[in-house]
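Trainee: could you work out the structure for the sequence below:
(one chain, ligands or ions: 1)
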Amino acid sequence: MAWKLAFDIFVTVHDEESELDKAALSLLQVARQATQTAYAPYSNFYVGAAILLDDGTVVRGNNQENAAYPSGLCAERTAIFAAGANYPSQKVIMVAVTARRKDEDFFIPANPCGACRQVLAEYQHKQASPIRVIMEGGQGKIYVCDSVDMLLPMKFTSLDL
Ligand code: THU
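Mentor: Next up, the predicted model:
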């Protein structure tokens with residue numbers, strides 16, 4: 001018998017950033033600053049990410065492109081790999097992601113790509129506690145997921161190996 005497996009995906013939509021708590025808003029502001037140093041000469045799409053660790057440390061990342069296109073890396077993975085490399089025993093509490101186009105000063109929707117979702121899922125699984133994801137929604141809106149499970153319901157983890 002065939003049946004449908006359904007997943008509940010909850011995303012909190014804030015119409016204004018002022019609705020965010022202080023920690024989320026300041027992390028988003030760090031992510032916005034991080035777009036300034038993105039290296040994106042091919043796409044001109046500047047992505048910034050910021051990661052809040054358990055001890056209050058904030059790690060920044062941005063996209064780093066390459067003339068051999070697939071050799072570049074997204075902002076979220078640049079940031080979380082830096083966190084994993086430098087603070088391996090710290091839990092990741094929250095990740096903020098934003099984007100803007102070159103020469104524009106307003107921020108546009110930033111949805112982590114599939115590969116970044118998978119990498120976030122790895123760190124969430126490793127630490128066995130949820131990572132909150134704050135995403136720029138465009139036109140002043142902010143999207144918040146309380147867990148990476150909301151971004152990648154059928155994720156692949158070490159349990160599947
Ligand atoms: N990009 C990110 O940094 N994060 C994502 O989740 C989506 C895409 C970057 C990769 C590339 O440098 C540019 O955006 C255009 O795809």
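Trainee: residues in the chain within reach of the ligand, list them.
Mentor: With CB under 6 Å from any ligand atom as the criterion, the chain meets the ligand at residues 40, 43, 45, 47, 63, 65, 72, 74-76, 112-113, 116. Where C-beta positions appear, they are placed from N, C-alpha and C, glycine not excepted.
Trainee: show the buried residues in the residues you listed.
Mentor: Neighbour counting by 16 or more other CB atoms under 10 Å classes 40, 45, 47, 63, 65, 72, 74-76, 112, 116 among the residues of the chain next to the ligand as buried.
Trainee: low pLDDT regions in the protein?
Mentor: Flagging of the chain using pLDDT under 70 yields an empty set of residue ranges.
Trainee: and the strands in it, which stretches?
Mentor: With DSSP state E, the ranges of strands along the chain come out as 12-14, 45-53, 58-62, 92-101, 132-138, 141-145.
Trainee: could I get the residues of the chain next to the ligand as TSV with distance to V13?
Mentor: Formatted as TSV, the residues of the chain next to the ligand follow (distance: CB to CB, whole Å):
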residue	distance to V13
A40	27
S43	26
F45	23
V47	20
N63	25
E65	30
G72	30
C74	23
A75	22
E76	20
P112	17
C113	21
C116	21
